[in-house]
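# structure for the following, please:
(2 chains, ligands or ions: 1)
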Amino acid sequence: MAGLVLNDEQQMLKDAAQRFFADRAPVSALRRLRDERDATGFSRELWSEMVEMGLVGTLIDEALGGTGFGNVGMGLIAEEAGRNLSASPLLSTAVLGASLVQLAGNDSQKQALLPAIADGSRLTALALDERPRHAPRHIETRAEQNGDGFTLSGRKINVIDGHVADTLIVAGRSTGQPDDSEGLTLLLVDRDAAGVSVQRTIMVDSRNAAIVTFDNVHVPADAVLGTPGKGWKPLQRVLDIANAHLAAELLGIAQESFERTVKYLQERKQFGVTIGSFQGLQHRAAHLFSEIELVKSAVLKALQALDDGDERTPEMVSLAKAKACEVAELATNEGVQMHGGMGMTDEFDIGLFLKRARPVQQLFGDYRYHADRFAALRGY
Amino acid sequence: MADLETFRRETRAWLEENCPQSMRSPVQSDADQCWGGRNWAFKSEDQRVWLERMAEKGWTAPDWPTEYGGGGLSKEEHKILREEMARIQARPPLASFGVWMIGPAILKFGSEKLKKQHLPPIVRGEIRWCQGYSEPGAGSDLAGLQTRAEDKGDHFIVNGQKIWTSYADKADWMFCLVRTNPDVKKQLGISLVLFDMTTPGVTTRPIKLISGSSPFCETFLENVRVEKDQVVGEIDQGWTIAKYLLTHEREMIGGMGRTAAGQKTLSELAVDALGLEDGRLADSMLRSEVARWDLDARAFELTAERVLDEAKAGQGVGNTSAMLKYYGTELNKRRQELLMAMHGSDAMVWEGEDWREGALPRQWLRSKGNSIEGGTSEIQLNVISRNILGLR
Ligand SMILES: Cc1cc2nc3c(=O)[nH]c(=O)nc-3n(C[C@H](O)[C@H](O)[C@H](O)COP(=O)(O)OP(=O)(O)OC[C@H]3O[C@@H](n4cnc5c(N)ncnc54)[C@H](O)[C@@H]3O)c2cc1C
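Below you'll find the predicted structure:
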């Protein structure tokens, strides 16, 4: 056991990612995408550079064009992307798409999709949630057997990067009732297939999501991912993977927001002294520091658990996501408050961290969702 | 690696053979602890045997050098010993301010004479120590302490008063902060001295706590003679050592709320008290509070683990003891409040066998001191903001 520390290779990756995002995709880049109402919502050029650096293939085996660096590696990348609010299809494609195909795909699907993901030529999106609050089993979208293939009908919301994805991975119900675990089928659907309509939604964080509707979409048999009706198992695992990386992103957001705030406390003067000399603020900052230390440990543990195949991975992931949600919320709220009026201005960056944190918290379950799941997994 | 595996095998076998059965259950309260010392009355023959055998191997102070009676274990071996003891739920053989606090300070700063004189009896649990830091006028502002030590050539004469001295009435020796130079900046005129509690002029008076017990005392020092060779480190340099020692103390106190191997977790106790409905705690508001605590407690345990792992790997920011002390003690207070809440009126009973003589409310009350002793929570937050965040 390596313990709760990074090894040399991981430390190098973290340093490289840190330099890369700060240099190539800083907060000002997100601002530009927003202000120019960019149709893609991220920079394709940036994505190519991420491909070249090998970041996109982090979760993909070397034999299939990736680097096989694993979840600890991808978590470090997500954390640094979080610090810089870097917009890219990292989650939708390099995490969700890559993991789901790797877990549930057959050989020819893997051969077709994974190298294409790693080389940047294919973007994917997971069409899962149907309700505004994450409820992964609440699926009404029908995936009905039709000859060899399936017919898909329904409506999905909060599909991250849905408007640019080449391939949608859709969770549909073949049997049973909403909220059943049995009967879910995962389907690969081209975004421009007949009957698919995509409506981009502009989100509070200026990042991308879409509402996707399926109107009697025909899906051929070879586009079924895994065993029909048995989609819940791989889905659960992929949600654990994604939530660990979302927790890592929240850790990056919380740290950056906190560090900027501490710097402001050291610089801003009122009553003839720096505001950081006021104990009322010092103690809140020191408390937040402690909370962030806890998040660091929980996130690293969850990522290691995923890579080690630890049987308590779901518990560790819910711990990390719940704690990261709670602390990112506190850090971004304190960030705005401690900047005073400046914190309310669009010109100042601190508000952007607040606006990014909330959608990341909501995606695939917030504090409440994961605290509940954690308790249930621990037998109460 | 192979050596470590051998060490684990041998340790496991030795513990199997040498740890008495009755010492293989979690410490439930202070009454189960073995504090040692000249006047210690062992609670059982097993308790005596367990201390003796562990002390013989130096495993009451596993990472101290063998020449002073310690176990001479590396960090890795020490970790294995802890794990193997936890595996069979072996109790610590000794609770000791000597091992936790003054020993490490003597090892780091003390003269060869002090090491030879004091460390072996600490390892064997023969001498029990108390900590004379706080004074009526010097609590959080510890450096403002007034107890005077007058230089008499080869010895000092000490006059003053200490307060909140835990177990002063049961201890054999005191490590004590005294002012050796009143004419310099307050941090620069302090020394750390050691003396026997039977020295003429030392008297103690127990103070009763809200929990009903009297674990600490007022200590009066009247013309107490302290030999100069009983100064730890240099004269007037005591503040640095005092702070080093506080770091150890804080880490120890911060860890007190942790659930020991074999002890029931808070959520298990909640299930016992409230029952389950459809697999969930029957009281939904309490369930969410228990879950919030549980998340924090797990993340805190992982953090304590990470801090150790980082230290082993030579990484990390250092300076984490204030954070661990602050968070750990606040966590333990929250745990005690939840225990009180889930047991309702049962938790309000103060006496009577059926209620273990009020164990629940007594430990709840005792926990309030966790965020005061060893430096208050507010002081820890000051340390974090000043030393780590650079806010001043
Ligand atoms: C159970 C227990 C065991 C103890 N054992 C020992 C022992 O063995 N040996 C020993 O020497 N001492 C011992 N102590 C004493 C302990 O170290 C002191 O009580 C502690 O340092 C606080 O000092 P005080 O009691 O004088 O409180 P004060 O310093 O008077 O503090 C009162 C309140 O003011 C706050 N405060 C003070 N200064 C500041 C500041 N700068 N900023 C913000 N808030 C501030 C404190 O946080 C606290 O809330 C023990 C205490 C307890 C409760």
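
# please count neighbours and contacts with C-alpha atoms only from this point.
Noted.

# what sits against B:Thr203?
Contacts for B:Thr203 (Cα atoms under 8 Å, 6 or more residues apart in numbering or on different chains) come out as B:Thr219, B:Phe220, B:Leu221.

# in JSON lines: those, plus pLDDT, neighbour count and distance to A:Glu256.
Compiled in JSON lines, the contacts of B:Thr203 are given as follows (pLDDT from 0 to 100; neighbours: other Cα atoms under 10 Å in any protein chain shown; distance: Cα to Cα, whole Å):
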{"residue": "B:Thr219", "pLDDT": "98", "neighbour count": "23", "distance to A:Glu256": "49"}
{"residue": "B:Phe220", "pLDDT": "98", "neighbour count": "18", "distance to A:Glu256": "52"}
{"residue": "B:Leu221", "pLDDT": "98", "neighbour count": "22", "distance to A:Glu256": "52"}
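
# so of the residues you listed, which ones are in strands?
B:Thr219, B:Phe220, B:Leu221 (DSSP state E).

# quick check: closest non-adjacent residue to the second one.
Just to be clear, that refers to B:Phe220. Spatially, and ignoring its direct neighbours in sequence, B:Phe220 is nearest to B:Gln161 (4.7 Å; Cα to Cα, 6 or more residues apart in numbering or on different chains).

# give me the neighbour count for the one you found.
23 (other Cα atoms under 10 Å in any protein chain shown).

# pretty sure it sits in a strand.
Yes: remark: B:Gln161 belongs to a strand, assigned using DSSP: H, G, I helix; E, B strand; the rest coil.

# tell me the domain ranges of chain B?
B:2-110, B:129-232, B:241-388 (automatic domain parsing).

# now the first one: average pLDDT?
Confidence for domain B:2-110, expressed as mean pLDDT, is 94.

# just the buried positions in stretch A:338-358, please.
Neighbour-count burial for stretch A:338-358 flags A:Met338, A:His339, A:Gly343, A:Asp349, A:Ile350, A:Gly351, A:Leu352, A:Phe353, A:Leu354, A:Arg356, A:Ala357, A:Arg358 (criterion: 16 or more other Cα atoms under 10 Å in any protein chain shown).

# in the chain, which spans are helices?
Picked chain A for this. Taking DSSP state H to define them, one finds helices in chain A at A:8-24, A:27-35, A:44-52, A:70-84, A:98-104, A:107-118, A:232-267, A:279-308, A:313-338, A:350-362, A:367-377.

# let's do chain B instead
With helices called from DSSP H, chain B shows them at B:2-18, B:45-57, B:75-87, B:97, B:103-109, B:112-123, B:238-254, B:266-274, B:284-312, B:321-343, B:359-367, B:377-383.

# the inter-axis angle of the first one versus helix B:45-57?
This points to helix B:2-18. Counting by axes from the mean of the first three to the mean of the last three Cα atoms, to 10 degrees, helix B:2-18 lies at 150 degrees to helix B:45-57.

# quick one: which of the domains of chain B is nearest A:Leu91?
Smallest distance to A:Leu91 across those (Cα to Cα): 24.7 Å, for domain B:241-388.

# model confidence over that closest one, on average?
91.

# got it, and stretch A:126-137?
Rounded mean pLDDT across stretch A:126-137 is 97.

# tell me which residue lies farthest from the centre of the chain.
With no chain named, the answer covers chain A. Ranked by distance from the centre of chain A (Cα atoms, centre = their mean), the top residue is A:Gly272, with 43.7 Å.

# oops, wrong one, chain B.
Chain B, farthest from centre, Cα atoms, centre = their mean: B:Asp278 at 41.5 Å.

# return the distance of it relative to A:Glu182.
Distance, B:Asp278 to A:Glu182, using Cα to Cα, to the nearest Å: 20 Å.

# turn the contacts of B:Thr203 into CSV, columns for distance to B:Ala138.
Putting the contacts of B:Thr203 into CSV (distance: Cα to Cα, whole Å) gives the following:
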residue, distance to B:Ala138
B:Thr219, 14
B:Phe220, 15
B:Leu221, 16
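
# now distance to the ligand too, for the residues you listed, in TSV please.
Formatted as TSV, the contacts of B:Thr203 follow (distance: Cα to the nearest ligand atom, whole Å):
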residue	distance to the ligand
B:Thr219	10
B:Phe220	13
B:Leu221	14
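
# quick check: residues of chain A near chain B?
By Cα under 8 Å from any Cα of the partner chain, the residues of chain A that approach chain B are A:3-5, A:262, A:265-266, A:274, A:276-279, A:282-283, A:285-287, A:290, A:293-298, A:301, A:319, A:322-323, A:371-372, A:374-376, A:379-380.

# just the buried subset of those residues, please.
A:4-5, A:262, A:265-266, A:274, A:276-277, A:279, A:282-283, A:285-287, A:290, A:293-298, A:301, A:319, A:322-323, A:371-372, A:374-375, A:380.

# quick one, what contacts A:Glu62?
Shown in contact with A:Glu62 (Cα under 8 Å, 6+ apart): A:Gly68.

# and for the one 4 residues further on?
By Cα under 8 Å, 6+ apart, the contact list for A:Gly66 reads A:Gly54, A:Val56, A:Gly57, A:Thr58, A:Leu59, A:Ile60, A:Pro115, A:Ala118.

# nearest residue to it other than its sequence neighbours?
Closest residue to A:Gly66 apart from its sequence neighbours, by Cα to Cα, 6+ apart: A:Gly57 at 4.0 Å.

# would you check that the one you found makes contact with A:Gly70?
No: assessed by Cα atoms under 8 Å, A:Gly57 is found out of contact with A:Gly70, at 9.5 Å.

# report the buried residues of stretch B:246-261.
Applying 16+ other Cα under 10 Å to stretch B:246-261 flags B:246-258, B:260-261 as buried.

# looking at those, spot the one nearest B:Glu10.
B:Ala261 (21.0 Å).

# top of the contacts of A:Gly66 by neighbour count?
Neighbour max across the contacts of A:Gly66 (other Cα under 10 Å) = A:Gly57, 32 neighbours.

# so that one versus A:Trp47, what's the distance?
Separation of A:Gly57 from A:Trp47 (Cα to Cα): 12 Å.

# quick one on the thing from earlier: enumerate every residue touching the residue nearest to B:Phe220.
Contacts for B:Gln161 (Cα under 8 Å, 6+ apart) come out as B:Glu135, B:Pro136, B:Thr147, B:Glu218, B:Thr219, B:Phe220, B:Leu221.

# bridging residues for the last one?
Listed beta-bridge partners, B:Leu221: B:Gly160, B:Val202 (assigned using DSSP bridges).

# that one touches B:Gly160, doesn't it?
Yes: between B:Leu221 and B:Gly160 there is a contact under Cα under 8 Å: 5.2 Å.

# what does chain B put close to the ligand?
Residues of chain B lying near the ligand by Cα under 6 Å from any ligand atom: B:131-134, B:138-140, B:164-166, B:369, B:372-376, B:378-379.

# let's see that with 8 Å instead.
With Cα under 8 Å from any ligand atom as the criterion, chain B comes near the ligand at residues B:130-142, B:162-168, B:215-216, B:366, B:368-379, B:382.

# ok, and which of the residues you listed reach chain A?
Subset of those in contact with chain A: B:Glu378, B:Asn382, counting by Cα under 8 Å from any Cα.

# which among the residues of chain B next to the ligand end up buried?
Buried among those (16+ other Cα under 10 Å): B:130-135, B:139-140, B:142, B:162-168, B:215-216, B:366, B:368, B:370-379, B:382.

# so how far is B:Ser321 from the most centrally placed residue in chain B?
The C-alpha lying nearest the average C-alpha coordinate of chain B belongs to B:Met252 (Cα atoms, centre = their mean; 4.8 Å). For B:Met252, the distance to B:Ser321 equals 9 Å [Cα to Cα].

# now the closest residue to the ligand within chain A, nearest residue through space, not along the chain?
Nearest residue of chain A to the ligand (Cα to the nearest ligand atom) works out as A:Gln279 at 7.5 Å. Nearest residue to A:Gln279, sequence neighbours excluded (Cα to Cα, 6+ apart): B:Asn382, at 7.9 Å.

# tell me if I'm right that A:Thr313 and A:Ala302 touch.
Yes: under the criterion of Cα under 8 Å, A:Thr313 makes contact with A:Ala302 at 6.5 Å.
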